[in-house]
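Visitor: when you get a sec, could you give me coordinates for this:
(chains A and B)
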Amino acid sequence: MGEDTDTRKINHSFLRDHSYVTEADIISTVEFNHTGELLATGDKGGRVVIFQREPESKNAPHSQGEYDVYSTFQSHEPEFDYLKSLEIEEKINKIKWLPQQNAAHSLLSTNDKTIKLWKITERDKRPEGYNLKDEEGKLKDLSTVTSLQVPVLKPMDLMVEVSPRRVFANGHTYHINSISVNSDCETYMSADDLRINLWHLAITDRSFNIVDIKPANMEDLTEVITASEFHPHHCNLFVYSSSKGSLRLCDMRAAALCDKHSKLFEEPEDPSNRSFFSEIISSVSDVKFSHSGRYMLTRDYLTVKVWDLNMEARPIETYQVHDYLRSKLCSLYENDCIFDKFECAWNGSDSVIMTGAYNNFFRMFDRNTKRDVTLEASRESSKPRAVLKPRRVCVGGKRRRDDISVDSLDFTKKILHTAWHPAENIIAIAATNNLYIFQDKVNSEMH
Amino acid sequence: MMLSKGLKRKREEERETETLAGDAWWLDPSLPAAAQAPPATASSSLFDLSVLKLHHSLRQGEPDLRHLVLVVNTLRRIQASMAPAPTLPPVPSPPAAPCVADSLLASSDAALSASMASLLEDLSHIEGLSQAPQPLVDEGPPGRPVGGSPPSLGALDLLGPATGCLLDDELEGLFEDIDTSMYDSELWAPASEGLKPGPEDGPGKEEALELDEAELDYLLDVLVGTQALERPPGPGR
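Guide: So this is what the prediction gives:
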């Protein structure tokens, strides 16, 4: 987005929304594929819904490039672990697309314990004109066959078929929080609270443990892994974040077990902001490499930070998401909101970062202009193809007409999952059980 | 589920209204850290709240480890701040509050340690009694096989019964506490040697079966407590 980008120019298309509130419909993850043509969402009920962007057509100019449902399938079912007498949730924690290598699309979806590889194929032709079978598939009476014909492929209604290709089970004792496909397109990693495993996409009965922070004595446990990701270009590098707010960059070439980090990124605690909740709010809930691979983006409870891979001492940029909550930490601790895990996202050119907040607000920060904006994802405040209006939270002092006061924020409406199209200014926002897709029609190219 | 605006409050937790009004008391930078003496009621209610959260978290079948660790660490911080600072000179301050805090600390400290210890122990028991040994750093090929689920063949396999079980190792580990000394008894050593079919042994297999029977009978007798040695040994001995 350039200097002149005014958020008022952002148009949006209002697409799917459910009018009923079912727990199973709560969206738990959102992910664009590598071209942005497909958008996958996972929900608490274990379902995956894939949207496809319609090609722009002259016949319907008003519906250019909108996303429609492409396929829906049940990825995970609730399971019961008889040994522990525990139910394993079917909620989809993460979806990651594999780079497309042929006509089919593939993605990895995971719940707390099991990762699955799904293959999505299209069928839009079928053969007609068999010699031995008739149209319904019944064998013909051979005496009626007088001449031979060559079967031809005729078009048919598009059928999207989804099939499970691999099931990567029994690799994790604790809850999986991240998966990340390696740039080598052959391996991927999965991380739970205490361990990270490396898998080969074709091998399901074995995985390699590359990080293990479980202490010998569980009583000594003070830190857990919160997120992890492979470097976008260097297949040997990955990063993982912790509940204490640190990032560890690891090199798989250095050792088989990457417990010793290559680099440790940690910001010293600000003594003026010290409180009982310092550690909780420093816990990193998401980490994302920039598309360039030079930077990392982290989200903790109150801020998003940009880190330069070459500087471990502190982030190069820090943006306040909702600093007005700093004086409310005790209440947020009481109602457990302080433990909410927000995700963050880069735009395609790494110039803008985005993250969600409460009251269905989400925030965008332009790294170049240092301008930021708060927008709202809700039916009430936006109509299809209308322009999003910037929102403001007032913390006392002068209050403008449409400002929201801190005390009237709805903390049950949290935008935890957001995604940005890899090339264009299109964003997907998950607000509980609703998916919003916003497009910047005027400035559709990245700057 | 009622979605009301504003902050949610948990009904079952006793909450002091001072806690919320004085939300920022610990953020006061003007107070030097050493002399900072937060009102005992506020920090003790935060302490109680944290203990409640800890117990609630541990009561879950499979606690959220991140939540648990963060609450425990916060609790430790609160505990540390409630302990009287050793460098402070004796202060003739209101006696009731510190005494209450101390007794609370003393009683809950033991309880806290005990509950934390036992519950974290439980976690490690549940998790894996026989953890596969950590691979050494200088090991050649990294990793170890994990899990033995066969490659899926189709949708039917996937939607089958729970496969989210523990590792094979852990299954064995669960039975560690069963006394297997009976089965490891030296008494059987000669018998087992005799079971080895040598090349000249004709009816080796037959022999083995009969010996097995004898052994089982002996075992049964011992278990039942009778004089088993009266039984004639099987043929071939």
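Visitor: so which bits of stretch A:318-325 are buried?
Guide: Judged by neighbour count (16 or more other C-beta atoms under 10 Å in any protein chain shown), stretch A:318-325 contains these buried residues: A:Tyr319, A:Val321, A:His322, A:Tyr324, A:Leu325. The way it works is simple: take the backbone N, C-alpha and C, and place the C-beta from them, glycine included.
Visitor: just the mean pLDDT for it, thanks.
Guide: Mean pLDDT, taken over the full extent of stretch A:318-325, equals 96.
Visitor: my guess is A:Val321 contacts A:Arg363, does it?
Guide: Yes: because the distance of 5.5 Å satisfies C-beta atoms under 8 Å, A:Val321 is recorded as touching A:Arg363.
Visitor: between those two, what contacts are shared?
Guide: Residues touching both A:Val321 and A:Arg363 (C-beta atoms under 8 Å, 6 or more residues apart in numbering or on different chains) are A:Thr355, A:Ala357.
Visitor: residues near A:Asp220, how many?
Guide: Counted with other C-beta atoms under 10 Å in any protein chain shown, the neighbours of A:Asp220 add up to 9.
Visitor: related to what we said a few turns ago, now distance to A:Val181 and secondary structure too, for the buried residues of stretch A:318-325, in TSV please.
Guide: Shown next, in TSV, are the buried residues of stretch A:318-325 (distance: C-beta to C-beta, whole Å; DSSP: H, G, I helix; E, B strand; the rest coil):
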residue	distance to A:Val181	secondary structure
A:Tyr319	28	strand
A:Val321	28	coil
A:His322	32	coil
A:Tyr324	38	helix
A:Leu325	34	helix
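Visitor: which one of those residues is nearest to A:Arg195?
Guide: Nearest to A:Arg195 out of these is A:Val321 (C-beta to C-beta; 29.8 Å).
Visitor: quick check: the gap between the closest one and A:Glu343.
Guide: 12 Å (C-beta to C-beta, to the nearest Å).
Visitor: so for those two, which residues contact both of them?
Guide: With C-beta under 8 Å, 6+ apart, A:Val321 and A:Glu343 have common neighbours A:Arg299, A:Thr355.
Visitor: the nearest residue to A:Gln439 once chain neighbours are set aside: neighbour count?
Guide: Spatial nearest neighbour of A:Gln439, excluding adjacent residues (C-beta to C-beta, 6 or more residues apart in numbering or on different chains): A:Ile426 at 4.8 Å. A count of nearby residues for A:Ile426, using other C-beta under 10 Å, gives 25.
Visitor: hmm, A:Ile426 is touching A:Ala419, no?
Guide: No: using C-beta under 8 Å, A:Ile426 is not in contact with A:Ala419; the gap is 9.2 Å.
Visitor: please save the CA atoms from stretch A:131-145 in CSV.
Guide: Backbone C-alpha positions of stretch A:131-145 (Å, rounded to 0.1, in the frame of the first residue of the first chain) are rendered in CSV as follows:
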residue,chain,number,x,y,z
ASN,A,131,-18.3,-50.1,-27.0
LEU,A,132,-19.2,-52.6,-24.5
LYS,A,133,-21.1,-50.6,-21.9
ASP,A,134,-24.1,-48.4,-22.5
GLU,A,135,-24.7,-45.0,-21.0
GLU,A,136,-25.7,-46.4,-17.6
GLY,A,137,-22.7,-48.6,-17.5
LYS,A,138,-24.6,-51.9,-18.2
LEU,A,139,-23.0,-54.4,-20.5
LYS,A,140,-24.4,-54.2,-24.0
ASP,A,141,-25.8,-57.1,-25.8
LEU,A,142,-22.9,-57.9,-28.1
SER,A,143,-25.1,-58.9,-31.0
THR,A,144,-26.2,-55.3,-31.2
VAL,A,145,-22.7,-53.9,-31.6
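Visitor: so what's the residue count around A:Phe276?
Guide: Neighbourhood size, A:Phe276 [other C-beta under 10 Å]: 22.
Visitor: check which helix or strand B:Lys53 maps to.
Guide: According to DSSP states H and E, B:Lys53 maps onto helix B:40-59.
Visitor: now that helix: buried residues?
Guide: Buried positions in helix B:40-59, judged by neighbour count with 16+ other C-beta under 10 Å: B:40, B:42-54, B:56-58.
Visitor: got the CA positions of the next helix or strand after it in PDB?
Guide: Sequence order places helix B:65-82 as the next helix or strand after helix B:40-59, per DSSP H and E. C-alpha atoms of helix B:65-82 as PDB (Å, rounded to 0.1, in the frame of the first residue of the first chain):
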ATOM      1  CA  LEU B  65       0.000 -27.000  29.400                       C
ATOM      2  CA  ARG B  66       0.600 -23.400  28.400                       C
ATOM      3  CA  HIS B  67      -2.200 -22.100  30.600                       C
ATOM      4  CA  LEU B  68      -1.000 -24.300  33.500                       C
ATOM      5  CA  VAL B  69       2.600 -23.200  33.200                       C
ATOM      6  CA  LEU B  70       1.700 -19.500  32.900                       C
ATOM      7  CA  VAL B  71      -0.600 -19.700  36.000                       C
ATOM      8  CA  VAL B  72       2.000 -21.500  38.000                       C
ATOM      9  CA  ASN B  73       4.700 -19.000  37.100                       C
ATOM     10  CA  THR B  74       2.400 -16.100  38.000                       C
ATOM     11  CA  LEU B  75       1.500 -17.800  41.300                       C
ATOM     12  CA  ARG B  76       5.200 -18.000  42.000                       C
ATOM     13  CA  ARG B  77       5.600 -14.300  41.400                       C
ATOM     14  CA  ILE B  78       2.800 -13.500  43.600                       C
ATOM     15  CA  GLN B  79       4.100 -15.800  46.300                       C
ATOM     16  CA  ALA B  80       7.500 -14.200  46.000                       C
ATOM     17  CA  SER B  81       6.100 -10.800  46.400                       C
ATOM     18  CA  MET B  82       4.000 -11.800  49.400                       C
END
